[in-house]
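Visitor: Here is a sequence together with a model predicted from it:
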Amino acid sequence: MDHLSSSQINLYLQCALKYKFQYIDQFPKPFRPSALVFGSAVHSALAWFHEEKMKGNQITLEALYRIFDADWFSQKIGEPLRFKEGEQEMALVNLGKEFLTMYAKEELPEIKGAEIHFSIPLVDTITGEDFKIDLEGFFDLVEGEGTIVEFKTSAQTLSASDIDNRLQLTAYCYAYEILNHKPPAGLKVVNFVKARKPKMVVTETKRGKGDYQGFFYIVREVLNGIKGGFFPPRMGFWCKDCEYAAICPLWKHTVGVKTKESQSAVEAY
Ligand code: SF4
């Protein structure tokens with residue numbers, strides 16, 4: 001284990017057994033959930049859009065759609081996509097383009113960077129404790145005087161309290177502060193909501209020392225859990241999309257809640 005990311009921390013907290021299957025055992029995944037593929041294709045197209053903007057290039061919607069299509073279809077190579085009940089592939093592809101159109105019409109501030117990778121030593125800024133591991137991640141976008149922007153796709157609008165409590169945003173603020181020797185000028189989430197009437201919701205939030213304290217507490221507990229081999233499964237709504245449901249000791253013995261696809265994945269294993 002040479003680094004930690006906020007998605008690793010979140011996965012460990014959601015279900016430690018899935019974390020183990022994914023990051024320690026590195027078991028192959030029999031399918032890719034459509035929501036992941038959708039989010040990734042939107043992110044790729046936005047990253048390209050921002051990079052072209054930074055170069056001062058004119059961007060047509062058709063070119064933006066082509067980037068989205070290319071990413072979507074490249075992700076279909078390998079594990080099969082698994083759609084939610086009633087979901088249609090072309091409807092999702094069109095929805096992605098609708099979100100990109102909404103975003104491209106917005107007036108954007110100056111772009112400082114897009115898809116910026118960071119890797120910093122994890123050190124508790126309050127106690128000085130060195131966790132002896134790097135925190136890694138990507139800023140989706142940094143704009144204006146140093147505002148971190150994160151893009152999220154979701155089925156429902158993310159609430160302000162959800163955004164205020166997102167560990168990932170705390171981790172990113174901390175990383176920005178370590179890298180730039182000052183806190184970010186702002187922090188916001190652009191949420192593309194896959195509702196009946198698709199919408200784009202921009203929510204601003206902020207972080208302070210108290211949030212960092214909570215973040216380091218969680219980091220410490222998660223690292224202790226991983227190093228101590230503590231990987232209990234935790235069932236919830238997320239199990240329906242779990243790529244490892246077929247080999248999960250809890251899910252395998254649960255009746256009445258499996259989807260047809262996860263049942264066939266059980267049989268395929
Ligand atoms: S099915 Fe649920 S409990 Fe089992 S590994 Fe996956 S997320 Fe965890």
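Guide: Yep, it's here.

Visitor: How is this protein divided into domains?
Guide: Using automatic domain parsing, the domain parsing of the chain gives 1-24+109-234, 31-108, 237-268.

Visitor: Turn those domains into JSON lines, including mean neighbour count.
Guide: Quick note: C-beta positions are derived from backbone N, CA and C, even for glycine. Below are the domains of the chain laid out as JSON lines (neighbours: other Cβ atoms under 10 Å):
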{"stretch": "domain 1-24+109-234", "mean neighbour count": "16"}
{"stretch": "domain 31-108", "mean neighbour count": "16"}
{"stretch": "domain 237-268", "mean neighbour count": "15"}
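
Visitor: a markdown table please, covering those domains and showing mean pLDDT.
Guide: Rendered in a markdown table, the data for the domains of the chain read as follows (pLDDT from 0 to 100):
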| stretch | mean pLDDT |
| --- | --- |
| domain 1-24+109-234 | 96 |
| domain 31-108 | 94 |
| domain 237-268 | 67 |
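
Visitor: Could you dump those domains into TSV and include distance to the ligand?
Guide: As requested, the domains of the chain are arranged in TSV below (distance: least, Cβ to the nearest ligand atom, whole Å):
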stretch	distance to the ligand
domain 1-24+109-234	3
domain 31-108	12
domain 237-268	3
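
Visitor: now the helices for this protein?
Guide: 6-14, 16-19, 34-54, 61-74, 89-104, 160-165, 167-180, 209-227, 260-268 (DSSP state H).

Visitor: Of all those, which one is nearest Phe131?
Guide: Closest of these to Phe131 is helix 209-227, at 6.2 Å (criterion: Cβ to Cβ).

Visitor: now the closest one: how far from the chain's centre is it?
Guide: Put simply, helix 209-227 sits 19 Å off its chain's centre (Cα atoms, centre = their mean, to the nearest Å).
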